[in-house]
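> Have a look; sequence and predicted model below, questions after that.
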Amino acid sequence: MFVDEVDIHVTAGHGGAGSLSFRREKFVPRGGPDGGDGGGGGSVVIVATDTKNTLIDFRFHPEFEAKRGGHGQGANKTGQTAYDLEIPVPVGTLVFEKDPESGDVTPMADLTEEGQRVLVAKGGRGGRGNARFVSSTNRAPRRTEPGEDGEERFIRLQLKLIADAGLIGFPNAGKSTLISRISAARPKIADYPFTTLFPNLGVVTLTDDRSFVVADVPGLIEGAHAGRGLGDTFLRHIERTKVLVHLVDVSGASGRDPVHDFDTILDELRLFDAKVAAKPQIVAATKMDAVDDPERVAALERHVRDRGLPFYRISAVAGTGLDELLEAMWRQIAAVRAVPVPAA
């Protein structure tokens, strides 16, 4: 199960209480106060890790509480400081503080690299023991402090996958079949809409030690930016991609016009985020093995090339045109990465 947005509740540890203690030692008539300070409570820290790729764990475990600090003791012994509670999340997670009353969220961090950390709740300070309150006028203070409360926050976690290329298009445009052919990803494939209900990631390996990550984004339809179909839930997963690969079904099985499909998806991207729509794009006519009207393909190619976009004809089932498409994807990705592209 893929989960990309959750709300959690975190509580940092309370500080330990200061100690009320007086030194009692043989042959020392005036021992004096020796109560130690309490230890600090543990903080709550969110850490990005490559070992996770979904937020599903938080769906069933939304409460997190760090340990409290140890209480102070006599002989000026300070209580033990509690360890911080580290919460691992996938790389690509955005962290927000959520107002429990209004529901408004405030950005705290964008964890885009392995090991990146953000402190979301600070542990309480330990209270002072009575040895801290000795003065010239009060040689035997009986005053201590309780530990401070740890911070308590409501946090929203939102995952945006980090991939080099994002496959977009209408449901059943061939995205799942393509990613299964070019990588080790094995998404569900069936002859009905919305078989892909969550994004899939795959690693594409080319010659000369070249590789990139591709994401199969669930099918978009008209009105997706406003929540229609699977809505904009998955549109955010292409915000981080370097290149968009727009797959258009030209087989005629859908009964739709490929040119209209192409323009519809572009409109959805623009309405969702103009920056996403401005990303480098490659267009691939899919299911070429099942084309019943070549003019449909030619019309789409003219329409796409008039917009200055590269156009490829592929069949993921038959395996035709895939090498050319992958090399084109790599050239676009390498240009964005500013990596030199080897000569053909």
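Yep, it's here.

> Now do the contacts for G123.
Going by CB atoms under 8 Å, 6 or more residues apart in numbering, G123 touches 12-15, 40-43, 66, 69, 82, 84, 150-151. In short, each C-beta sits where N, CA and C put it, glycine included.

> I'd like to know how far T81 sits from A184.
Per CB to CB, to the nearest Å, T81 is found 45 Å from A184.

> Show me which of those two is the more surrounded one.
T81 (19 against 10; other CB atoms under 10 Å).

> The more buried one: which element?
Applying DSSP states H and E as the criterion places T81 outside every helix and strand.

> correct me, but it touches G69?
Yes. Counting by CB atoms under 8 Å, G69 is a contact partner of T81 at 5.8 Å.

> Show me whatever sits in contact with both of those two.
Counting by CB under 8 Å, 6+ apart, the shared contacts of T81 and G69 are 39-40, 42, 126.

> Which one of these is nearest to M288?
G42 (58.9 Å; CB to CB).

> got the contact list for that closest one?
Contacts of G42 by CB under 8 Å, 6+ apart are 12-13, 66-69, 81-85, 123, 150.

> Regarding it, what is its secondary structure?
Put simply, G42 is coil when judged by DSSP: H, G, I helix; E, B strand; the rest coil.

> Same question for V204.
V204 - assigned by three-state DSSP - is strand.

> can you count the residues close to it?
20.

> ditto for D50
Using other CB under 10 Å: D50 sits among 11 other residues.

> Against K26, how distant is it?
In terms of CB to CB, D50 sits 61 Å off from K26.

> just R128 next, same as before
Plainly put, R128 is 28 Å away from K26 if you go by CB to CB.

> next one: V91
62 Å.

> Just want to know which of these two has more residues nearby.
The neighbour count for V91 versus K26, taken as other CB under 10 Å, is higher for V91 (19 against 4).

> what's near enough to touch the more buried one?
Contact analysis of V91 by CB under 8 Å, 6+ apart lists 48-50, 111-114, 116, 162.

> Could you rerun that using 10 Å?
48-53, 111-116, 159, 161-162 (CB atoms under 10 Å, 6 or more residues apart in numbering).

> Which among those residues count as buried?
48-49, 53, 111, 116, 159, 161-162 (16 or more other CB atoms under 10 Å).

> Number of residues surrounding R156?
Neighbourhood size, R156 [other CB under 10 Å]: 18.

> er, L85 actually
21.

> Now do it against L111, distance only.
Separation of L85 from L111 (CB to CB): 16 Å.

> Next: S315.
Per CB to CB, S315 is found 39 Å from L111.

> Can you tell me what sits against the strand or helix carrying R302?
Assigned by DSSP H and E, R302 belongs to helix 294-306. By CB under 10 Å, 6+ apart, the residues outside helix 294-306 that reach it are 246, 248-252, 257-263, 281-285, 288, 291, 293, 309-313.

> Can you show me the CA trace of that helix as PDB?
What follows is helix 294-306, C-alpha atoms only, in PDB (Å, rounded to 0.1, in the frame of the first residue of the first chain):
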ATOM      1  CA  PRO A 294      -1.800   5.600 -39.500                       C
ATOM      2  CA  GLU A 295      -3.200   9.100 -40.100                       C
ATOM      3  CA  ARG A 296      -4.000   9.300 -36.400                       C
ATOM      4  CA  VAL A 297      -0.300   8.900 -35.600                       C
ATOM      5  CA  ALA A 298       0.800  11.300 -38.300                       C
ATOM      6  CA  ALA A 299      -1.700  14.000 -37.100                       C
ATOM      7  CA  LEU A 300      -0.300  13.600 -33.500                       C
ATOM      8  CA  GLU A 301       3.300  13.800 -34.800                       C
ATOM      9  CA  ARG A 302       2.600  17.000 -36.700                       C
ATOM     10  CA  HIS A 303       0.800  18.500 -33.700                       C
ATOM     11  CA  VAL A 304       3.700  17.700 -31.400                       C
ATOM     12  CA  ARG A 305       6.500  18.800 -33.700                       C
ATOM     13  CA  ASP A 306       4.800  22.100 -34.300                       C
END
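
> Just give me how far the next helix or strand after that helix sits from the chain centre.
Following helix 294-306 in sequence order, the next helix or strand is strand 311-313 (DSSP H and E). Centroid separation for strand 311-313 versus its chain: 32 Å, with CA atoms, centre = their mean, to the nearest Å.

> What is strand 311-313 packed up against?
strand 243-249, strand 281-286, helix 294-306, helix 322-337 (3 or more CB pairs under 10 Å, 6 or more residues apart in numbering; DSSP states H and E).

> tell me what the shortest one is packed against?
Of the remaining helices and strands, those touching strand 281-286 by 3+ CB pairs under 10 Å, 6+ apart are strand 165-168, helix 175-182, strand 243-249, helix 258-272, helix 294-306, strand 311-313, helix 322-337.
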